[in-house]
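Chemist: let me see the structure of the following:
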Amino acid sequence: MFLNKLRSGVLENHPEPAIKRFTIPLGESANGISTKNHPIILVPETFTSKGCEMPVLNSRYQSREHSFVYVNGSLSLHEFCNKVSKVSMQDKSIISWKGSDTLFPGEPVFISKPGESEEDEGVLVSAVTNSDHGGQSILIFLCAKTLKELGRASFDSPIPCAMHGIFLPDVV
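Modeler: Just a heads-up that it's a prediction; the model follows:
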């Protein structure tokens with residue numbers, strides 16, 4: 001992916017990811033059918049249409065039941081393009097933040113509120129590439145509960161598209 005392709009509106013065709021959940025039976029039966037001496041065929045539950053990637057969640061809920069996943073849109077034309085989205089793992093509802101057609105958010109990073117009591121209490125941070133000639137790349141700060149923009153920081157130099165990030169609370 002190159003900036004000149006983004007500016008010209010040429011988006012490459014590549015596999016389109018979606019959020020899916022596989023439930024692995026841990027007992028001797030799956031859906032009332034004995035699994036003893038029988039192969040198990042797993043069929044995923046689909047939560048989103050194609051086009052979202054880099055899923056993150058509140059790190060306190062990793063490897064546990066969780067209600068929300070945050071994603072950004074892959075660089076192709078679809079529902080998630082140019083967005084950061086919150087996907088409910090309960091009812092499959094989606095809310096999104098979108099700046100403009102020339103802003104391409106990277107991987108969202110979830111920073112939980114100290115002493116949080118709800119899974120989605122915190123802030124999402126995402127590096128956003130601006131494909132406009134002379135346009136400034138930004139770092140956006142979004143309320144993790146509502147995806148309302150809380151603030152932004154502008155940079156004179158471009159931020160590489162789809163940049164990954166990490167938050168290290170013990171380093172700050």
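Chemist: can you tell me the helix or strand for the most far-flung residue of the chain relative to its centre?
Modeler: When each C-alpha in the chain is compared with the mean C-alpha position (Cα atoms, centre = their mean), residue 37 comes out farthest, at 38.7 Å. Under the criterion DSSP states H and E, no helix or strand holds residue 37.
Chemist: which residues sit against stretch 141-155?
Modeler: 58, 68, 70, 84-86, 95-97, 108, 110, 118, 120-126, 136-140 (Cβ atoms under 8 Å, 6 or more residues apart in numbering). C-beta coordinates here come from the backbone N, C-alpha and C atoms, glycine included.
Chemist: can you select the buried ones from these in ChimeraX?
Modeler: Here is the ChimeraX command that picks out the buried ones among these, judged by 16 or more other Cβ atoms under 10 Å:
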select :58,68,70,84,85,86,96,97,108,110,120,122,123,124,125,126,137,138,139,140
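Chemist: which of the contacts of stretch 141-155 fall in strands?
Modeler: Among these, the residues falling in strands (DSSP state E) are 68, 70, 84-86, 95-97, 110, 122-126, 137-140.
Chemist: show me where this protein has its strands.
Modeler: Counting by DSSP E, the chain has strands at residues 20-21, 29-30, 33-34, 45-46, 52-56, 68-73, 83-88, 94-98, 103-105, 109-112, 122-130, 137-143, 149-155.
Chemist: how far off centre is the last one?
Modeler: What separates the centre of strand 149-155 from the centre of its chain is 18 Å, taken as Cα atoms, centre = their mean, to the nearest Å.
Chemist: could you give the angle of that strand to strand 83-88?
Modeler: 150 degrees (axes from the mean of the first three to the mean of the last three Cα atoms, to 10 degrees).
Chemist: next, the angle from strand 149-155 to strand 122-130.
Modeler: Using the same axes, to 10 degrees: strand 149-155 against strand 122-130 is 40 degrees.
Chemist: list the buried residues for strand 149-155?
Modeler: By 16+ other Cβ under 10 Å, strand 149-155 has no buried positions at all.
Chemist: that one pairs with which strands?
Modeler: Paired neighbours of strand 149-155 in the sheet (DSSP bridges): strand 137-143 (antiparallel).
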